[in-house]
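Novice: Model the following, please.
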Amino acid sequence: MADPALHAETAHQASQQLKEVAVDYCPEACAHCPETSEITITFDERGGARWRSTSRYRYGTFSALIKCPDGNTSGLNFNIYLSSLEGDKSQDEIDFEFLGKDKTIVQTNYYTTGTGSREEIHELGFECSDDFHEYTIKWFPDVIEWLIDGKVVRRVEKETGSAFPDKPMFLYASVWDASYIDEGRWTGPYLAYDSPYVCRYRNVRVPTETAIHAPS
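Specialist: From the prediction side, this is the model:
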């Protein structure tokens, strides 16, 4: 087992609130208020939206307070995750995904060079839309931890000779209709009973020491 002390520098590095985001699609459905540090995504007849950090990061601690949409959210996927590039089939990725059919669970997963299928389901002990809760990803060269309200719910260590996420990654979040996947078994059928659906993110934090800025 890897010694957590080996990661002390990364685990305790300085972090800051995410001050700027880029919106990949439907900017009219995504609002960012830097003064209150809140980002909202609204899903309605227009669809949803996806925001991301403007910088990539290579390792560190990422967190956000999230209040998932109210009402019957069957069919929707709302999330926060790291990805080397959304849409790239060789991406590295580390996920928290909420499955709209059941707001008392969350799914974690990670990808290396486009290969995933490492899903785990975690019981929350609450409904994710009831209030804000803190979701944290700690990503080290040979360890990934997922935390909810400060409690580790999953820990994965790199095995000798195996692939592990190491590409610089953006922080992403989105709300989208995933009801077509696996004939609705993953997130349920989309019913739109309580549209519009609003997912709220507060105090989104990213590391300051591992940002990789694009050349100007």
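Novice: What would whatever helix or strand Lys138 lives in look like as PDB? C-alpha coordinates only.
Specialist: Following DSSP states H and E, the helix or strand that holds Lys138 is strand 133-139. Taking C-alpha atoms only, strand 133-139 is exported to PDB below (Å, rounded to 0.1, in the frame of the first residue of the first chain):
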ATOM      1  CA  HIS A 133     -22.700  18.900   0.100                       C
ATOM      2  CA  GLU A 134     -19.000  18.900  -0.600                       C
ATOM      3  CA  TYR A 135     -17.600  16.500  -3.200                       C
ATOM      4  CA  THR A 136     -13.800  16.200  -3.500                       C
ATOM      5  CA  ILE A 137     -11.400  14.500  -5.800                       C
ATOM      6  CA  LYS A 138      -7.800  14.000  -4.600                       C
ATOM      7  CA  TRP A 139      -5.600  13.000  -7.500                       C
END
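Novice: Give the rounded mean pLDDT of whichever helix or strand comes after it.
Specialist: Toward the C-terminus, strand 133-139 is succeeded by strand 143-148 as the next helix or strand (DSSP H and E). If you average the pLDDT over strand 143-148, you get 98.
Novice: How about stretch 63-81?
Specialist: 98.
Novice: for it, the distance to its chain's centre please.
Specialist: Centre-to-centre, stretch 63-81 and its host chain are 10 Å apart (C-alpha atoms, centre = their mean, to the nearest Å).
Novice: still on that earlier bit, helices or strands up against the strand holding Lys138?
Specialist: strand 60-67, strand 76-83, strand 93-99, strand 143-148 (3 or more C-beta pairs under 8 Å, 6 or more residues apart in numbering; DSSP states H and E). C-beta here means a position set from N, CA and C on the backbone, and glycine is covered the same way.
Novice: Recalculate using a threshold of 6 Å.
Specialist: On a contact count with 3 or more C-beta pairs under 6 Å, 6 or more residues apart in numbering; DSSP states H and E, strand 133-139 meets strand 60-67, strand 143-148.
Novice: Show me the one of these that comes nearest Glu209.
Specialist: strand 60-67 (7.1 Å; C-beta to C-beta).
Novice: and the closest one, what does it pack onto?
Specialist: When contacts are defined as 3+ C-beta pairs under 6 Å, 6+ apart, strand 60-67 packs onto strand 133-139, strand 197-207.
Novice: before we move on, the earlier item: pLDDT on the strand holding Lys138, on average?
Specialist: Per-region confidence: strand 133-139 scores 98 on mean pLDDT.
Novice: Now do it: everything it contacts.
Specialist: Tyr59, Thr61, Phe62, Ser63, Leu65, Ile66, Ile94, Phe96, Glu145, Leu147, Ile148, Asp149 (C-beta atoms under 6 Å, 6 or more residues apart in numbering).
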